[in-house]
Every structure is written in structure tokens, then in C-alpha cells.
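Engineer: I'd like to go over a predicted model; first the sequence, then the structure.
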Amino acid sequence: MPNLQFAKAFRRHVDCPAAEVPGTTVGEALAAYFADHPLVRGYVVDERGAVRRHIAVFVNAQQIDDREDLEVAVAAGDTIHVFQALSGG
């Protein structure tokens with residue numbers, strides 16, 4: 001199973017411990033995590049299920065570009081990292 005980890009900045013707002021989750025795509029893994037941690041969902045995805053604008057999701061060291069369908073494949077041993085993206089100048 002992939003491992004889902006959240007940046008420390010998230011923990012200021014909501015309890016989001018790292019966890020191994022079932023799923024073969026980023027979307028499936030996130031859905032499985034949100035089933036156990038429903039309060040985290042609103043911080044990561046919008047009402048349509050798309051990754052929020054100021055959130056960055058990585059699989060291992062590669063940032064994902066698919067912010068809506070979340071069909072990026074994941075496998076056992078992969079790590080999905082969720083960060084609050086920085087913006088501004």
C-alpha cells in the first residue's frame with residue numbers, strides 16, 4: 001500500500017497522521033484516507049474533489065500535474081506527500 005504523509009503545516013489546523021492507505025491511484029488513496037479522516041478532506045480538495053489551488057501533491061519526488069482526476073498511478077511502497085504550496089512574491 002502507498003504511504004500518505006502531510007507536511008507539518010497541516011497539523012496546525014487538523015489532525016492528519018501519516019498512514020498506509022489502499023489504492024492504485026492518488027485519488028483512490030486520498031479517498032481511503034478521507035474515509036478515516038474526514039476533516040482533512042476540506043483542507044486538501046475542493047467541493048468537486050480537485051486538489052485546492054494552494055496544495056501541492058507529490059508521488060515520491062515527482063509533483064503531480066493532474067489536480068482534478070487524480071489518476072496518477074501509485075504502488076506499494078510509494079509515498080504521497082501533501083504540502084501547502086507557497087505563493088506570492
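Structural biologist: Here it is on my side, so go on.

Engineer: Next, report how far the least confident helix or strand in the chain by mean pLDDT is displaced from the centre of its chain.
Structural biologist: Ranking every helix and strand in the chain by mean pLDDT, DSSP states H and E puts helix 8-11 at the bottom, with a mean of 86. Its chain's average C-alpha position is 13 Å from that of helix 8-11, according to C-alpha atoms, centre = their mean, to the nearest Å.

Engineer: what's the helix or strand that comes right after it packed up against?
Structural biologist: Stepping forward along the backbone from helix 8-11, the first helix or strand reached (DSSP states H and E) is strand 19-20. Under the contact criterion of 3 or more C-beta pairs under 8 Å, 6 or more residues apart in numbering; DSSP states H and E, strand 19-20 touches strand 3-6. No exception for glycine: its C-beta is placed from N, CA and C like everyone else's.

Engineer: Quick one: mean pLDDT for the strand it packs on?
Structural biologist: Strand 3-6 shows a mean pLDDT of 97 in the predicted model.

Engineer: partner strands of that strand, parallel or antiparallel?
Structural biologist: Paired strands of strand 3-6, with direction, are strand 19-20 (antiparallel), strand 79-84 (parallel) (DSSP bridges).

Engineer: Have a look at this protein and report its longest helix.
Structural biologist: Within the chain, and with DSSP state H defining each element, the longest helix by residue count is helix 26-36.

Engineer: Give me the helices and strands touching that helix, please.
Structural biologist: Contacting helix 26-36 under the criterion 3+ C-beta pairs under 8 Å, 6+ apart are the following elements: strand 3-6, helix 38-44, strand 79-84.

Engineer: Tabulate these (JSON lines), appending distance to Leu30 and mean neighbour count.
Structural biologist: Rendered in JSON lines, the data for those read as follows (distance: least, C-beta to C-beta, whole Å; neighbours: other C-beta atoms under 10 Å):
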{"stretch": "strand 3-6", "distance to Leu30": "7", "mean neighbour count": "20"}
{"stretch": "helix 38-44", "distance to Leu30": "7", "mean neighbour count": "15"}
{"stretch": "strand 79-84", "distance to Leu30": "8", "mean neighbour count": "18"}
